[in-house]
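Enquirer: fold the following and give me the result.
(chains A and B)
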Amino acid sequence: LAKTTQPISMDSYEGQEVNITCSHNNIATNDYITWYQQFPSQGPRFIIQGYKTKVTNEVASLFIPADRKSSTLSLPRVSLSDTAVYYCLVGDMRLAGTYKYIFGTGTRLKVLA
Amino acid sequence: GAVVSQHPSRVICKSGTSVKIECRSLDFQATTMFWYRQFPKQSLMLMATSNEGSKATYEQGVEKDKFLINHASLTLSTLTVTSAHPEDSSFYICSARDQFGISGVGETQYFGPGTRLLVL
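Expert: From the prediction side, this is the model:
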């Protein structure tokens, strides 16, 4: 199971771009990289998923270098409502019966006015 | 996107009683669901993997006789905390595996809103 390492916390100001990097040195060939956002007393919310290069959706971008040993979640122009914990997870969910997500510490992002 | 619901959202019970938590995938079928527990200011801890039509797989240190899991259909898994004690008070979160993922990129796991359990 790939282990992930993220910064424990980050502060940013409203309107800035925030980049959160996750290290996953032991990522397997078939593993995907998925990012979730969690607010207090809520379940994690899916943000974005990718395998390689760059993925972009309406809320974020995900940058994955060629060696896939790390990934960077980019949040453009954050607002106060983006204050949350962000989790990076890697794995291959097609391994039915053996697959499982192991949550790391996550990154606690605080957006300041 | 795919939606997972949990019921109840919060429950208070007396020590020694049993509590059942339901997890439903509302707009997709899930052969696999997962149950997590989260204590304040901590990360999610996987408790067990629930497979439709078969026995759940429990993580090391999780008592299967205390946390009963039943995955009776492709859209419903239940977690029953039996003989609950104050130390079982926690935030319980389920997730469901969507085999079709996001535009075929990969399979995705969607989480429910969580259930806050308080045992008095």
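Enquirer: following the helix or strand bottoming out on mean pLDDT in chain B, which helix or strand shows up next?
Expert: Within chain B, judged by mean pLDDT, DSSP states H and E, the helix or strand with the poorest mean is strand B:108-111; its value is a mean of 88. Scanning forward in sequence from strand B:108-111 by DSSP states H and E, the next helix or strand is strand B:115-119.
Enquirer: strands paired with that following strand, and their directions?
Expert: Under the criterion DSSP bridges, strand B:115-119 sits next to strand B:10-13 (parallel), strand B:90-98 (antiparallel) in its sheet.
Enquirer: if you average pLDDT over it, what comes out?
Expert: Per-residue pLDDT over strand B:115-119 has a mean of 97.
Enquirer: which residues touch that strand?
Expert: Residues outside strand B:115-119 that contact it (CB atoms under 8 Å, 6 or more residues apart in numbering or on different chains) are A:41, B:6-15, B:19, B:21, B:81, B:84-93. Just so you know, the C-beta spots here come from the backbone N, C-alpha and C atoms, and that holds for glycine as well.
Enquirer: would you say B:E87 is within a helix?
Expert: Yes. Per DSSP: H, G, I helix; E, B strand; the rest coil, B:E87 lies within a helix segment.
Enquirer: for it, which residues are in contact?
Expert: B:V119.
Enquirer: so where's chain A shaky on pLDDT?
Expert: Residues of chain A meeting the criterion pLDDT under 70: A:1-2, A:92-99.
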